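*Asks:* The amino acid sequence is not available; the structure is as follows:
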């Protein structure tokens, strides 16, 4: 689930950030090129499910002793979930692999994405105010100063 959330976020970042973040000829670069935007989401999922390289990379990352979290067992009930909030063509979209398609949360732009996304996250948090398991990750360009 975290892998899907990161793929959603990374593949929907502005082109310059995406190009700087994806190493040419890497697995990520190959998968991105094999999954153009018009490709059906189910076809993208099938490509991912059939890819033994990402399976190995995912297993290595989630089972590493340096990993600070416990991924649990495959039979365990899932208590956490990842979504991506992204700016696409002037819209703030929630990308969630459990849903049939993107969820529109209004309009946004590159300058207001963080602020607008935080408003959406606040709504999520209000749904379950006693829950403290919220993590936010922003993919942004490096700031030089």
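*Replies:* Sure, I can see it. From a predicted model like this one, the values you see are computed outputs, not experimental measurements.
*Asks:* Now do the same contact list for residue 139.
*Replies:* By Cβ atoms under 8 Å, 6 or more residues apart in numbering, the contact set of residue 139 is 9, 10, 13, 17, 21. (Glycine included, C-beta is placed from N, CA and C.)
*Asks:* pLDDT score for the last one?
*Replies:* Residue 21 is assigned a pLDDT of 83 by the prediction.
*Asks:* Okay, buried residues for stretch 124-143 please.
*Replies:* Residues of stretch 124-143 include none that count as buried (16 or more other Cβ atoms under 10 Å).
*Asks:* average pLDDT across that stretch?
*Replies:* Summarised as a single mean, pLDDT over stretch 124-143 is 78.
*Asks:* Kindly report the same for stretch 82-93.
*Replies:* Mean per-residue pLDDT for stretch 82-93: 89.
*Asks:* Endpoints of it, how far apart?
*Replies:* This stretch, stretch 82-93, spans 14 Å end to end (Cα to Cα, to the nearest Å).
*Asks:* Begin at 456 from now on, thanks
*Replies:* All right, first residue 456 from here; so that's stretch 537-548.
*Asks:* quick revisit: what is the nearest of the contacts of residue 594 to residue 549?
*Replies:* Ranked by distance to residue 549 (Cβ to Cβ), the contacts of residue 594 are led by residue 464 at 11.2 Å.
*Asks:* and the host helix or strand of the closest one, what other elements does it pack with?
*Replies:* Assigned by DSSP states H and E, residue 464 belongs to helix 457-466. On a contact count with 3 or more Cβ pairs under 8 Å, 6 or more residues apart in numbering; DSSP states H and E, helix 457-466 meets helix 470-476, helix 482-489, strand 539-543, strand 546-550.
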